[in-house]
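Peer 1: model the structure of this input:
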Amino acid sequence: MSVEVMVPTALRGFTEGRASVATEGGTVGEVLKDLTKKYSSLATHLFDKEGRVRSFVGIFLNEDDIRQLQKEATPVKDGDVVLIIPAIAGGSPGAVAFPSLSKLKRTERELTHAQMTRYSRHLILPEVGLSGQRKLLDSSVLLVGAGGLGAPLALYLAAAGVGKIGLVDFDVVDASNLQRQVIYGTEDIGKAKIDRAEARLKSLNPDIEIVKHNVRLDSSNALSIIGSYDVVVDGTDNFPTRYLVNDAAILSKIPSVYGSIFRFEGQASVFGYRGGPCYRCVYPEPPPPGLVPSCAEGGVLGVLPGIVGSLQALETIKVLLGRGETLSGRLLLFDAMGLKFRELKVKRNKDCPVCGDQPTQRGLIDYQAFCGVGTAPTVTVNEVDPEELHQELESASPPVLLDVREPMEFEIVKLPGAKLIPLMKLPERVNELSTADNIVVYCHGGSRSATATQFLLDMGFQKVRNLRGGIDAYAQRVDPELPTY
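Peer 2: Predicted coordinates:
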């Protein structure tokens with residue numbers, strides 16, 4: 001059978017940049033085997049050591065999750081499409097019930113004349129009207145993250161008149177944020193995000209209440225913070241917080257609105273709503289640390305979070321109003337380059353440890369450990385500080401510099417004489433390096449290069465070190481004339 005496999009952006013580096021690959025096979029498993037036969041380096045990203053599809057990779061046949069069919073044994077026919085959907089850097093009796101969003105007492109408030117004017121375009125919509133606008137004004141929404149997704153979310157929810165908006169963020173505005181985080185301006189650089197977001201939102205709509213949570217959300221505070229809102233919206237950029245938000249929302253019996261972005265692609269859904277699935281039903285386990293690049297490493301088109309964040313705002317308002325068909329039970333995929341939307345069916349997993357028929361997890365856990373962050377066995381590699389490397393480069397026997405970033409990053413800034421071999425290409429190009437050389441490996445911040453350094457050590461290289469802090473630290477501490485990004 002001839003079957004097309006759709007490859008996500010995050011994995012196209014292993015398929016020579018191809019977004020789709022024609023394959024042959026009678027089952028989904030055979031199709032995937034044919035795919036990895038063509039592109040062998042893709043195998044470790046799709047399968048574990050036992051040859052099973054990794055739990056953080058969703059495989060869909062047309063629009064159905066194969067876990068709800070016959071898994072890898074699911075038969076295929078000519079013209080079928082198999083989609084690879086990895087996680088990205090997003091009840092019923094016996095499960096968790098969500099009877100209503102009315103934890104806060106609703107009031108039959110009277111709108112002022114000024115509010116009648118402000119919300120007039122809502123009031124003349126039959127699906128909203130006065131009663132709907134009152135619901136919005138009496139509702140509360142927690143936004144976890146005031147960054148790329150949180151910026152458009154906060155603006156549209158504030159403009160819509162959501163009465164109480166909580167902001168969770170402990171970061172400050174950086175110049176690199178301004179390419180996509182439209183709630184901030186140049187004058188905000190260096191200032192706390194939630195302070196500047198509060199000022200902008202209050203300027204947009206003085207009716208609303210802004211509650212600032214200038215903390216890092218973790219297992220010690222998540223239930224007390226999330227549990228006091230009607231809906232939580234996930235605008236995070238890391239897996240520990242994403243699983244934390246999901247679990248805390250399920251345990252607090254409130255829905256969560258999910259969104260995630262990477263380069264030119266986005267995802268959106270609604271979890272834990274009216275018996276629907278949760279994030280763990282789609283991605284039971286996170287990918288290993290470092291496998292999925294963040295926006296800082298992989299990049300993101302500035303307008304993409306505006307689109308996905310606006311979709312999240314739309315879904316949030318629909319949930320608050322109890323109107324329309326939400327994305328509960330559906331995973332929406334957006335491809336900005338092709339300007340295409342695709343919708344996949346997702347179902348609640350009756351064996352889910354959090355929202356299943358007999359949940360086994362009844363409290364929050366250590367999400368850093370769950371995601372393998374900071375708890376995996378420490379990989380010890382020799383490192384060199386930027387100042388020390390600078391001295392060595394000025395010496396009579398300078399080291400060989402190996403840059404393992406992507407070509408686009410290499411174009412922005414590089415160290416003189418560096419050889420570029422992107423991390424994903426290193427296994428197939430390792431023969432371009434000599435074990436006799438004294439090699440210093442670097443990337444943007446030191447993480448990818450540490451992985452590359454360990455790989456080279458495992459391959460028998462003896463004289464290889466990692467640049468601590470990457471080229472970013474080198475620019476800040478040695479050569480401020482180098483561009484940073």
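Peer 1: which helix runs longest in this protein?
Peer 2: Taking DSSP state H as the criterion, the chain has its longest helix at helix 304-321.
Peer 1: that one: how far from the chain's middle?
Peer 2: 16 Å (C-alpha atoms, centre = their mean, to the nearest Å).
Peer 1: likewise for stretch 393-409?
Peer 2: With C-alpha atoms, centre = their mean, you get 31 Å for stretch 393-409.
Peer 1: before we move on, the earlier item: tell me what the longest helix of the chain is packed against?
Peer 2: If contacts are counted by 3 or more C-beta pairs under 8 Å, 6 or more residues apart in numbering; DSSP states H and E, helix 304-321 sits against helix 129-137, helix 150-160, strand 231-234, strand 256-262, strand 265-271, strand 330-335. Using the backbone N, CA and C atoms, a C-beta is placed for each residue, glycine as well.
Peer 1: average pLDDT for that helix?
Peer 2: For helix 304-321, mean pLDDT is 97.
Peer 1: so for Gln68, which of the helices and strands packed on helix 304-321 sits nearest?
Peer 2: Checking the helices and strands packed on helix 304-321 against Gln68 by C-beta to C-beta gives strand 330-335 as the closest, at 12.5 Å.
Peer 1: and after the closest one, which helix or strand comes next?
Peer 2: Using DSSP states H and E, the helix or strand that follows strand 330-335 in sequence is strand 340-345.
Peer 1: which other helices and strands contact that next one?
Peer 2: Secondary elements touching strand 340-345 (3+ C-beta pairs under 8 Å, 6+ apart): strand 64-65, strand 81-86, strand 330-335.
Peer 1: report the angle between that strand and strand 81-86.
Peer 2: 90 degrees (axes from the mean of the first three to the mean of the last three C-alpha atoms, to 10 degrees).
Peer 1: let me know the pLDDT of the residue lying farthest from the centre of the chain.
Peer 2: Distance to the chain centre peaks in the chain at Ala396, reaching 45.4 Å (criterion: C-alpha atoms, centre = their mean). pLDDT for Ala396: 95.
Peer 1: related to what we said a few turns ago, mind putting the helices and strands packed on helix 304-321 into JSON lines with mean neighbour count?
Peer 2: Output for the helices and strands packed on helix 304-321, formatted as JSON lines (neighbours: other C-beta atoms under 10 Å):
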{"stretch": "helix 129-137", "mean neighbour count": "19"}
{"stretch": "helix 150-160", "mean neighbour count": "24"}
{"stretch": "strand 231-234", "mean neighbour count": "29"}
{"stretch": "strand 256-262", "mean neighbour count": "28"}
{"stretch": "strand 265-271", "mean neighbour count": "26"}
{"stretch": "strand 330-335", "mean neighbour count": "19"}
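Peer 1: circling back to that earlier point, among the helices and strands packed on strand 340-345, which comes closest to Arg109?
Peer 2: Using C-beta to C-beta, those put strand 330-335 closest to Arg109, at 33.5 Å.
Peer 1: which elements pack onto that closest one?
Peer 2: By 3+ C-beta pairs under 8 Å, 6+ apart, strand 330-335 packs against strand 265-271, helix 304-321, strand 340-345.
Peer 1: in a markdown table: these, plus distance to Ile189.
Peer 2: Putting those into a markdown table (distance: least, C-beta to C-beta, whole Å) gives the following:
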| stretch | distance to Ile189 |
| --- | --- |
| strand 265-271 | 26 |
| helix 304-321 | 19 |
| strand 340-345 | 35 |
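Peer 1: ranking the ones you listed by burial, who's on top?
Peer 2: Of all the helices and strands packed on strand 330-335, strand 265-271 has the most neighbours on average by mean count of other C-beta atoms under 10 Å, namely a mean of 26.
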